[in-house]
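Asker: Show me how the following folds:
(one chain, ligands or ions: 1)
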Amino acid sequence: MSLFLNTTVLNAAAWGIGSGNMYQDILVVVLIVVMFALLATALIVNKAMRSILRITMPEVLKEEQVTKVKRKESRKASWNKLLGLRPISEEKDLIIDHEYDGISELDNPVPIWFNALFYSTMTFAVVYILIYHVFGWGMNQHQEYVQEMEKAEIAKQEYLAQAANLIDESSVLFDETKVAAGSAVFQANCVACHGGAGEGGIGPNLTDKFWLHGGEIKDIFKTVKYGVPDKGMVPWEQTLTPGQIAEVSSYIVSLRDTKPANPKEPQGTEVAYQAADAKAAATDSTKVQ
Ligand code: HEC
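Answerer: So this is what the prediction gives:
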């Protein structure tokens, strides 16, 4: 929810509408209105002054007119030069002396803007090659791609780690691919009480059909997570992540009927594993039940 609010606030800022402070916004509007009013006043005063000038000193206005025209002409000339345009009066000097069916050709010089563009592309290419391919100061497309992929990979791993930890006793399912990782968790934490192959010791045998707290994966996950503190089974909630508990639970399910040496005598009640067993369903989804 807070994330959502944040994005809406950000959006308003991105649109640039309002500062979030009403009084400040009103002040800005008032300032704009005042500035327009001042501008209008200045224009009116200017017009009045010129009317007075026209009556008292008409020669000043005329002079002004002349310089205006001159400035316009010189601006036009430099513009033409930039565009490479030559005045019509010079056309006869530009004609190339061949003619086909009365059509002759002008030898117009390449305009300055075009040459400037052309040479700047060449300069750009040289600078580009030096920066990206000779000195390696900048990252080229391939390096940028590799970097982006690395970043994405990190983000993906973070996401997957998080997703794996969203599991709890109501959503956990047997997963063949987790058995190996679960075996490592088991070897590191559980063998002291349940034996190297789950045959039992201080804790019960985990390979037989007899269970004190249920033998389906959801029951196992629950027992491992919350433990049975007054009977000596540790609650693993604080030590293992939900992902690790799911892994070790899949491992324990994979131990069913493995008949290890020196099994501890059965404890609890015999469990008839669910017909649509999670283990079978996960490994053989095509099987007709
Ligand atoms: C300190 C010894 C000890 C350790 C370490 C231990 N357990 Fe246990 N575990 C027990 C005991 C004792 C019980 C039986 C609890 C009872 O009598 O209710 C038990 C019960 C269980 C059960 C339920 C068995 C049933 O019959 O319902 C499971 C599943 C289990 N442990 C898994 C694990 C896993 C997985 C680990 C390692 C992450 C682990 N245990 C580590 C002592 C231990």
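
Asker: Spit out the contact partners of the nearest residue to His213 once chain neighbours are set aside.
Answerer: Once flanking residues are discounted, His213 sits nearest to Thr223: 4.5 Å by C-beta to C-beta, 6 or more residues apart in numbering. C-betas here are computed from N, CA, C, even on glycine. Contacts here follow C-beta atoms under 8 Å, 6 or more residues apart in numbering; on that basis Thr223 touches His213, Gly214, Met233.

Asker: restrict those residues to those near the ligand?
Answerer: When contact is defined as C-beta under 6 Å from any ligand atom, the contacts of Thr223 meet the ligand at His213, Met233.

Asker: Buried among the contacts of Thr223? Need that as a selection in PyMOL.
Answerer: Here is the PyMOL selection string for the buried members of these, based on 16 or more other C-beta atoms under 10 Å:
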select buried, resi 233
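
Asker: Make TSV from the contacts of Thr223 and add secondary structure to it.
Answerer: Shown next, in TSV, are the contacts of Thr223 (DSSP: H, G, I helix; E, B strand; the rest coil):
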residue	secondary structure
His213	coil
Gly214	coil
Met233	strand
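
Asker: ok, the contacts of Thr223 vs Val127, which is closest?
Answerer: Met233 (70.0 Å; C-beta to C-beta).

Asker: pLDDT wise, what is that closest one at?
Answerer: Per-residue confidence (pLDDT) for Met233: 95.

Asker: hey, what's it bridged with?
Answerer: On the basis of DSSP bridges, Met233 is bridged to Val228.

Asker: For it, list the residues it contacts.
Answerer: Shown in contact with Met233 (C-beta under 8 Å, 6+ apart): Cys193, Gly203, Thr223, Gly227.

Asker: tally of neighbours for Lys218?
Answerer: Using other C-beta atoms under 10 Å, Lys218 has 17 other residues around it.

Asker: What of Leu255?
Answerer: 21.

Asker: Ok, Asp208 next?
Answerer: By other C-beta under 10 Å, the residues close to Asp208 number 25.

Asker: Contacts only, for it.
Answerer: Taking C-beta under 8 Å, 6+ apart as the test, what Asp208 contacts is Asp257, Pro263, Pro266.

Asker: Kindly report the same for Val271.
Answerer: Lys209, Phe210, Trp211, Gly214, Gly215, Glu216.

Asker: got TSV for those residues, with secondary structure and pLDDT too?
Answerer: Below are the contacts of Val271 laid out as TSV (DSSP: H, G, I helix; E, B strand; the rest coil; pLDDT from 0 to 100):
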residue	secondary structure	pLDDT
Lys209	coil	93
Phe210	strand	94
Trp211	strand	95
Gly214	coil	93
Gly215	coil	93
Glu216	coil	94
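
Asker: just curious, which of those residues is nearest to the ligand?
Answerer: Set against the ligand, the nearest of the contacts of Val271 by C-beta to the nearest ligand atom is Trp211 (4.2 Å).

Asker: rewinding a little: ok, which pair from the contacts of Val271 is furthest apart?
Answerer: Farthest pair in the contacts of Val271 (C-beta to C-beta) is Phe210 and Glu216. Separation: 13.7 Å.

Asker: Looking at these two, which is more packed in?
Answerer: Legend: neighbour count by other C-beta under 10 Å for Phe210 and Glu216, higher for Glu216 (19 against 16).

Asker: my guess is that one contacts Ile252, does it?
Answerer: No: the criterion here is C-beta atoms under 8 Å, and Glu216 misses it with Ile252 at 10.8 Å.

Asker: Just the buried positions in the lengthiest helix in the chain, please.
Answerer: The longest helix of the chain (DSSP state H) is helix 22-56. Within helix 22-56, no residue counts as buried by 16+ other C-beta under 10 Å.

Asker: Just after the helix or strand containing Tyr159, pick out the following helix or strand.
Answerer: Using DSSP states H and E, Tyr159 falls within helix 141-164. Note on helix 141-164: by DSSP H and E, the next helix or strand toward the C-terminus is helix 179-189.

Asker: anything in that next one near the ligand?
Answerer: Yes: Helix 179-189 lies within reach of the ligand by C-beta under 6 Å from any ligand atom, at Phe186, Asn189.

Asker: tell me what that helix is packed against?
Answerer: Counting contacts by 3 or more C-beta pairs under 8 Å, 6 or more residues apart in numbering; DSSP states H and E, helix 179-189 packs against helix 242-254.
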